[in-house]
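A.B. asks: Sequence and predicted structure are below.
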Amino acid sequence: MSADDLNGSADRAVGGAKASGPPSIEAIGLGWTYAGRSRPALRDLTFRLEPGRVLLVLGPSGSGKSTLARALVGLVPHVLAGDWQGSLRVGEMNVAETPARLLGERVGLVFQDPDSQLVIARVDDEVAFWLENRGWSRPSMQAQVPEALRQVGLSGFELRVTNTLSGGEKQRLAIADVLAAQPSLLVFDEPTANLDPPGMYATLEQLAGLARQRRHTIVLIEHRLEAALPLADDVLLIDDEGRQLAFAPAGSVGYEAVAMLERSGAWVPRAWHGASPTRAGAGKPGQDSGHRPSATGAPLLLAEGLYFHYPADESGAHAALYGVSLQARAGERIALVGPNGAGKSTLLFILCGLRRPDRGSVGLAALTRENEPAEVLRDPSRLKAREIASRIGLVFQDPELGFVGRTARDEVAATDLAARESGSGRESRPPDPDGVLARFGLGHLTDQDPFRLSQGEQRRLSLAALVLRPPAVLLLDEPTFGLDRRGTEAVMKLLDEFRTTGQAQFLATHDPRLLPHCDRVVAMDRGRVVFDGRPAEFLANPPYSPAGPWRDGVASDLTSAGTLR
Amino acid sequence: MSLLPAPISAVRPDFLTRVTPVARLVAGIAWLVAAIATLDPIVPIRLMIAAIVALVLWSGLPLRRIPRRLAPLGFAILSLTAFSILLAGANADRSLAAIAEFGPVRLTAPAVSAGLAVGLRVVVIGLTTLLVFGPSDPTRMADSLVQQWHLPDRFAYGTLAALRVAPFMADDWIAIAAARRLRGLQAKGPAARIRETRDRLLVMLVASIRRAERLALAMDARGFDSGIRRTHFRALRMTWRDWLTIAVGLAVAVAALLLPR
């Protein structure tokens, strides 16, 4: 879009934002501690971002990146309670002293999860929501709502119901919501984290377009570094304690700062690995180094000709299956990929017996003590709880939904306890849940409520809970979602350990970084399997159009760490 | 994904879809008051006929899909009616003539009449709800409540946001059950089942609160309830259609109550 279009809409927007250029951001000794926490979320940030520049914020989980985003829109300190230190200025406004509604006229924030930031059920009302809150006149809203939708490529979506949009469309709608009010500072807090590759691509293109316009100052927090780094003018590096490691132009970050960032557990862009020769080129597609070709194990899961459709009365967003067949052998790790709506979740639900297929069958075998498969049982939806528990397990994207215990110790012991109570204990050796927790780095949290753990700890606990009675087949839905490099490595290491028992693993994921660590890729599209083969072949020629979103960003970050082969 | 059936909503514009939700609500409340004001089954019968006529002629709702979707309600109506008839005190009154007798069970005319009235009321409640809420989406209802009834924004939009996330709660509920089964937990006996339901509710509550917190933060980030007087994107003005709906709705309610049998 051209600058004239923007000017035109600004003129129409009576009662809207005053015409003002993009602001600078200046932090001096900025710190914040949430009420009730002892550890500060941010400490001593000091930097100055010039007007109209794009800042990429990098740091591991828990480094306070989101807190910085919240401070820029005034949610911290005006909505959330806590202890504020130092100063933060957006243009001429001092955040701590400016009412949130005045900040709101200049700053727009796009969050990570599209489903929990869209408020209204209809697209045009959704875009108008902020404008209504700011008291815009009806004619100016009627001019601005279609304009904002046009800017994100959603013209014609005005009357759609927000819940029926795809993930990428929802996130572009969230961007339109913010653009409508014409803020001069845009803040994006991991806007692509919840999206499938096509949605991620569309959203990043939208971001790139905004960055090129130079009409906004932009602060970007983003895990997809290979795509995000080229957009950035400056970078801010924060460590796991919320301390500033560096603030510098994106092209001239010191080696020392990068090394410290890497030590803190954060993802580090590939371009910055150049300093150390071992990292260069590692893990490129086709080079999936060192993982064993293990398709020789006995089959543990056999799915044949699965057909499924949801009753017509339910919302049309569900993916059906049209003749899906696949099998998994002992010790195999299989990546399950595909855009949203391809039928991945439906398939996982059928495999673990949560849904029954219209046609076709699922057979599951348990591992015996000698790692030889036992008898194959058909129709998981009819199996008794203890029969199914030994054969197949599911780890949710949101681990909280799977917790069954009041403490971490209960959580680890639950499956074993249930098996003993029903008299199917294989051996009399008493279980040692505390030992398991210690091995997973959770030894100090045995009596903690699982709901009070951090995101990374919850993920590890959900895996620790499978140790005493590991299922023969493990299904994992986005097992590394929202984790930084250290968290991702920890999860993959645990999965490696499980695999030595002969377990077969399915990883449903949008993260191409995981593909080189799998033996096979099963790619789905519109309810069918469109590819089943080696990761290198998949990455060389993804069966999707356009293929770019699936191929780009297969970074070396993981392989570089050395903990994984 | 959502496992809840979608609400029945209008598929084509029609008279009632053009009426503001508040007008439909006023007429609907009048009908409900009339339906429960008397024990005489003739009143709910008249209202039921009026409701069916309105549904067929002016609602824009997909008629073919309605019977199947109201099936669970139908079961409730039938069982409610049957129990009301069987358990009515009039059956024990030996001075009344029995119209049917099955062994010890004795049915009298007043009992049957009162039982039918109970069942028919539920039918009227169901149909009226459909007429009030079906013809337009919940957003318009909220707009209407705020602009025409001057309900606080926080209440109306809070409810709207809750409606938007309700399907996610249904998904959570199912996922939690699946997780427990795959972990080998199976509740045996009523006490264990109650404990299990409690635990599932607890997890769902935690998940819902987390989601609500994120949504509330997103609303605050877009200046919701920040002290500025809110304007409204969509104008809602009372038109002749609204006044006609209210007038006819009230007239039907009064007629159903007062017309001689």
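C.D. replies: It's in.

A.B. asks: For the stretch 101-250 of chain B, just list every one of the helices.
C.D. replies: B:109-133, B:138-149, B:153-182, B:189-221, B:240-258 (DSSP state H, counting those that start in this stretch).

A.B. asks: what comes up buried for the helix or strand that contains residue A:205?
C.D. replies: Residue A:205 belongs to helix A:197-213 when elements are defined using DSSP states H and E. Neighbour counts over helix A:197-213 (16 or more other Cβ atoms under 10 Å in any protein chain shown) mark A:197, A:198, A:199, A:200, A:201, A:202, A:203, A:204, A:206, A:207, A:210, A:211 as buried. Where you see a C-beta, it was placed from the backbone N, CA and C, and this is true even at glycine.

A.B. asks: now the residues you listed as JSON lines including distance to chain B and pLDDT?
C.D. replies: JSON lines is the format used below for the buried residues of helix A:197-213 (distance: Cβ to the nearest Cβ, whole Å; pLDDT from 0 to 100):
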{"residue": "A:197", "distance to chain B": "19", "pLDDT": "85"}
{"residue": "A:198", "distance to chain B": "18", "pLDDT": "84"}
{"residue": "A:199", "distance to chain B": "16", "pLDDT": "84"}
{"residue": "A:200", "distance to chain B": "20", "pLDDT": "85"}
{"residue": "A:201", "distance to chain B": "23", "pLDDT": "84"}
{"residue": "A:202", "distance to chain B": "21", "pLDDT": "84"}
{"residue": "A:203", "distance to chain B": "17", "pLDDT": "86"}
{"residue": "A:204", "distance to chain B": "21", "pLDDT": "87"}
{"residue": "A:206", "distance to chain B": "18", "pLDDT": "89"}
{"residue": "A:207", "distance to chain B": "18", "pLDDT": "90"}
{"residue": "A:210", "distance to chain B": "18", "pLDDT": "92"}
{"residue": "A:211", "distance to chain B": "21", "pLDDT": "91"}
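
A.B. asks: Just the CA coordinates for stretch A:206-224, please, in CSV.
C.D. replies: Written as CSV, here are the backbone C-alpha positions of stretch A:206-224 (Å, rounded to 0.1, in the frame of the first residue of the first chain):
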residue,chain,number,x,y,z
GLN,A,206,2.6,-8.8,6.9
LEU,A,207,5.3,-7.8,9.4
ALA,A,208,7.9,-7.3,6.7
GLY,A,209,5.5,-5.0,4.8
LEU,A,210,5.0,-2.9,7.9
ALA,A,211,8.7,-2.8,8.6
ARG,A,212,9.4,-1.6,5.1
GLN,A,213,6.8,1.2,5.3
ARG,A,214,8.8,3.0,8.0
ARG,A,215,5.7,4.6,9.4
HIS,A,216,5.9,2.8,12.7
THR,A,217,8.4,2.1,15.4
ILE,A,218,8.3,-1.7,15.8
VAL,A,219,9.2,-3.9,18.7
LEU,A,220,9.3,-7.6,17.7
ILE,A,221,9.6,-10.6,20.0
GLU,A,222,9.8,-13.7,17.8
HIS,A,223,11.2,-17.3,17.9
ARG,A,224,11.4,-17.7,14.1
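
A.B. asks: tell me what the helix holding residue A:205 is packed against?
C.D. replies: helix A:167-180, strand A:217-221, helix A:225-228, helix A:548-551 (3 or more Cβ pairs under 8 Å, 6 or more residues apart in numbering or on different chains; DSSP states H and E).

A.B. asks: switch to 6 Å and redo it
C.D. replies: When contacts are defined as 3 or more Cβ pairs under 6 Å, 6 or more residues apart in numbering or on different chains; DSSP states H and E, helix A:197-213 packs onto helix A:167-180, helix A:548-551.

A.B. asks: Could you measure from residue A:533 over to chain B?
C.D. replies: Noted for residue A:533: a distance of 28 Å to chain B, by Cβ to the nearest Cβ, to the nearest Å.

A.B. asks: pLDDT weak spots in the chain?
C.D. replies: Chain wasn't specified; assuming chain A. Applying pLDDT under 70 to chain A picks out residues A:1-19, A:274-296, A:311-319, A:368-374, A:423-429, A:552-565.

A.B. asks: My question was about chain B, not that one.
C.D. replies: B:1-10.

A.B. asks: rewinding a little: from the buried residues of helix A:197-213, pick the one nearest residue B:227.
C.D. replies: residue A:210 (29.5 Å; Cβ to Cβ).
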